[in-house]
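# Have a look at this fold, sequence not included:
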Ligand code: SUG
């Protein structure tokens with residue numbers, strides 16, 4: 001066995017658009033009605049994957065789900081009198097944010113020694129609630145090896161679950177037993193708390209996690225109110241490092257203490273609110289970064305380009321690099337099309353610790369396949385979608401056809 005972290009990025013679907021569907025997600029609301037550029041969006045995503053592969057890291061892909069969702073349109077009897085948010089939901093390419101596809105507990109953490117995955121039910125937002133069955137079907141193909149993977153059904157729908165975006169793992173190395181931390185929101189605020197505590201607890205039980213190595217932590221309601229609709233907008237963990245904003249957790253000191261007690265080698269990299277305000281952190285998505293261990297053992301932070309444009313964020317990052325903390329490299333990437341819907345570099349990937357030999361190879365990426373993807377996207381993904389195009393039958397046909405070409409290219413007809 002050769003376990004390693006594999007990042008499975010969602011390929012941005014050909015229906016990518018800005019419909020302002022996510023209450024509490026400031027970028028989604030502020031770009032509502034803008035024209036979108038699906039081709040550019042998907043190419044930005046592949047460029048990020050290539051840049052990470054060039055660092056010597058393992059990379060996988062997950063495919064866009066079938067959109068527009070014709071069955072949903074039919075079941076809601078959507079016609080010209082229906083609220084515009086309904087056809088927009090059926091057209092959403094939101095499955096690109098695979099950090100919300102599932103929660104993943106690597107094999108060393110679980111009672112049966114398999115890597116456990118639970119697809120997220122995403123019930124809070126109607127456009128996302130349609131994802132999990134198709135996501136589960138896809139995960140069942142990618143991780144079909146039952147000796148190494150256990151795939152659960154989503155948590156029943158009364159308890160909202162948004163997957164890995166609200167889950168952190170601390171460990172000495174990806175292949176060793178870790179501490180899993182689930183971050184939930186308390187309902188009742190201005191914006192929905194999308195992760196329910198009982199969903200997190202159910203996932204931990206389903207995965208057979210050791211209660212001594214599992215923590216449940218409340219997200220700061222102030223962070224949710226400021227637009228951090230998932231914990232991964234204000235915190236990210238990798239191996240022994242927690243990179244976090246001062247206002248990420250409801251009870252800051254207690255949370256840090258509990259993690260440090262369960263995982264004594266914790267290294268905390270905390271950004272004070274007085275240096276980077278919560279608003280600036282959310283605008284730039286500083287914490288929605290990929291915190292990666294490079295083959296050299298050093299850690300790199302893959303941040304959105306937007307971080308470079310913020311003087312407070314960029315000077316904090318420069319100061320961090322000048323010091324001697326655990327994060328030794330900062331790599332800005334352009335994922336602006338996804339960012340405008342509230343999805344940064346970390347939203348676009350699902351982390352799975354596994355031996356790549358146990359994963360269906362059709363979901364693993366190499367340079368040659370990345371080039372093929374780029375050519376296919378350049379040829380088939382719509383260049384631009386305007387709000388008035390949502391619902392257009394000819395465009396819907398082009399979008400379905402584009403996805404089918406992708407299935408053909410990756411030899412995945414079973415996802416048709
Ligand atoms: O669920 N945006 C997504 C962004 C998800 C980001 N994921 C993580 N933080 N892990 C969401 O709010 C916007 C769609 C629209 O408005 O058209 C949207 O769904």
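Received the coordinates, thanks. The structure presented is a predicted model; accordingly, all values stated were derived computationally and were not measured.
# Excluding chain neighbours, what is closest to the residue sitting nearest the centre point of the chain?
With distances taken as Cα atoms, centre = their mean, residue 99 lies nearest the centre of the chain, 2.1 Å away. Among residues not flanking residue 99 along the chain, residue 165 sits closest, at 4.4 Å (Cβ to Cβ, 6 or more residues apart in numbering). Placement of C-beta: from N, CA and C, glycine included.
# show me what contacts the one you found?
Residue 165 sits next to 97, 99, 100, 195, 230, 231, 232, 346, 347 when contact means Cβ atoms under 8 Å, 6 or more residues apart in numbering.
# circling back: so what's the residue nearest to the centre of the chain up against?
Counting by Cβ under 8 Å, 6+ apart, residue 99 makes contact with 163, 164, 165, 230, 232, 346, 347, 348, 349, 350.
# any idea of the pLDDT on the third one?
For residue 165, the model assigns a pLDDT of 98.
# do residue 76 as well
Taking residue 76 on its own, its pLDDT is 97.
# Now for the closest residue to it other than its chain neighbours, how many residues are close by?
Closest residue to residue 76 apart from its sequence neighbours, by Cβ to Cβ, 6+ apart: residue 86 at 5.5 Å. By other Cβ atoms under 10 Å, the residues close to residue 86 number 18.
# Residue 219 touches residue 252, doesn't it?
No. Look at residue 219 against residue 252 with Cβ atoms under 8 Å: they stay out of range, at 11.4 Å.
# what's around the residue nearest to residue 115 when sequence neighbours are not counted, how many residues?
Once flanking residues are discounted, residue 115 sits nearest to residue 107: 4.7 Å by Cβ to Cβ, 6+ apart. Residues within reach of residue 107, counting by other Cβ under 10 Å, total 21.
# circling back to that earlier point, and residue 219 and residue 252? which has more neighbours close in?
Set residue 219 next to residue 252 and count neighbours by other Cβ under 10 Å: residue 219 wins out with 27 against 15.
# Same list, the contacts of residue 165, but only the ones touching the ligand.
Taking Cβ under 6 Å from any ligand atom as the test, the ligand is in contact with 97, 99, 100, 230, 232, 347 out of those.
# who in this protein is up against the ligand?
18-22, 25, 28, 92, 94, 97, 99-100, 125, 128, 165, 229-230, 232-233, 341-343, 347.
# So which of those residues belong to helices?
28, 128 (DSSP state H).
# What segments of the stretch 1-150 of the chain are helices?
26-30, 38-54, 70-75, 85-91, 126-129, 132-142 (DSSP state H, counting those that start in this stretch).
# Mind checking the pLDDT average for the fifth one?
Same thing as helix 126-129. 98.
# Which residues does that helix contact?
19, 21-22, 85, 88-90, 92, 94, 100, 121-123, 157.
# Which one (most neighbours) among those residues?
Neighbour-wise, the contacts of helix 126-129 (other Cβ under 10 Å) top out at residue 100, 30 neighbours.
# which one is the single nearest residue of the stretch 301-416 of the chain relative to the ligand nearest to, not counting chain neighbours?
Closest to the ligand within the stretch 301-416 of the chain is residue 347: 3.3 Å, counting by Cβ to the nearest ligand atom. Of all residues not flanking residue 347 in the chain, residue 97 sits nearest, at 4.2 Å (Cβ to Cβ, 6+ apart).
# right, and that neighbour touches residue 10 too?
Yes. Using Cβ under 8 Å, residue 97 is in contact with residue 10, at 6.3 Å.
# Give the residues shared as contacts by these two.
Contacts common to residue 97 and residue 10, judged by Cβ under 8 Å, 6+ apart, are residue 348.
# Just say helix, strand or coil for residue 244.
Here residue 244 takes the strand state, with states given by DSSP: H, G, I helix; E, B strand; the rest coil.
# Quick check: the gap between it and residue 223.
10 Å (Cβ to Cβ, to the nearest Å).
# which residues do these two both contact?
Common neighbours of residue 244 and residue 223, using Cβ under 8 Å, 6+ apart, are residue 234.
# For residue 301, give the beta-bridge partners.
residue 291, residue 330 (DSSP bridges).
# got a pLDDT number for it?
According to the prediction, residue 301 has pLDDT 98.
# Now do stretch 238-257, average pLDDT.
pLDDT averaged over stretch 238-257 gives 98.
# let me fix that: stretch 188-208
pLDDT averaged over stretch 188-208 gives 98.
# Buried by neighbour count: which residues of it qualify?
Of all the residues in stretch 188-208, those buried under the rule 16 or more other Cβ atoms under 10 Å are 191-197, 199-204, 206-207.
# Now, those residues that are in helices?
197, 199, 200, 201, 202, 203, 204, 206.
# Contact partners for the second one?
This means residue 199. Taking Cβ under 8 Å, 6+ apart, we find residue 199 in contact with 121, 155, 159, 160, 161, 184.
# isn't the fourth one right next to residue 198, touching?
No. With contacts defined as Cβ under 8 Å, residue 160 does not count as touching residue 198, sitting 9.4 Å away.
# So, low pLDDT: which residues of the stretch 251-400 of the chain?
Nowhere does the stretch 251-400 of the chain drop to pLDDT under 70.
# That one: helices as residue ranges?
Under DSSP H, counting those that start in this stretch, the stretch 251-400 of the chain gives helices at 252-262, 278-284, 311-322, 336-339, 367-380, 393-409.
# Which positions in the fifth one come out as buried?
By neighbour count on 16+ other Cβ under 10 Å, the buried set for helix 367-380 is 369, 370, 373, 376, 377, 380.
# cool, and the fourth one?
For helix 336-339, the neighbour count (16+ other Cβ under 10 Å) marks 337, 338, 339 as buried.
# What of the third one?
Of the residues in helix 311-322, those scored as buried under the neighbour-count criterion (16+ other Cβ under 10 Å) are 312, 313, 314, 316, 317, 320.
# closest to residue 411 among these?
Set against residue 411, the nearest of the buried residues of helix 311-322 by Cβ to Cβ is residue 317 (41.1 Å).
# Need the nearest residue in space to the closest one, chain neighbours excluded.
residue 330 (5.1 Å).
# For burial, what's the neighbour tally of that neighbour?
Neighbour tally, residue 330, other Cβ under 10 Å: 17.
# can you check the one 10 residues further on too?
Residue 340 is surrounded by 18 other residues when neighbours are defined as other Cβ under 10 Å.
# separation between the closest residue to it other than its chain neighbours and residue 280?
Nearest residue to residue 340 in three dimensions, chain neighbours excluded: residue 31, at 4.4 Å (Cβ to Cβ, 6+ apart). Distance check for residue 31 against residue 280: by Cβ to Cβ, it reads 18 Å.
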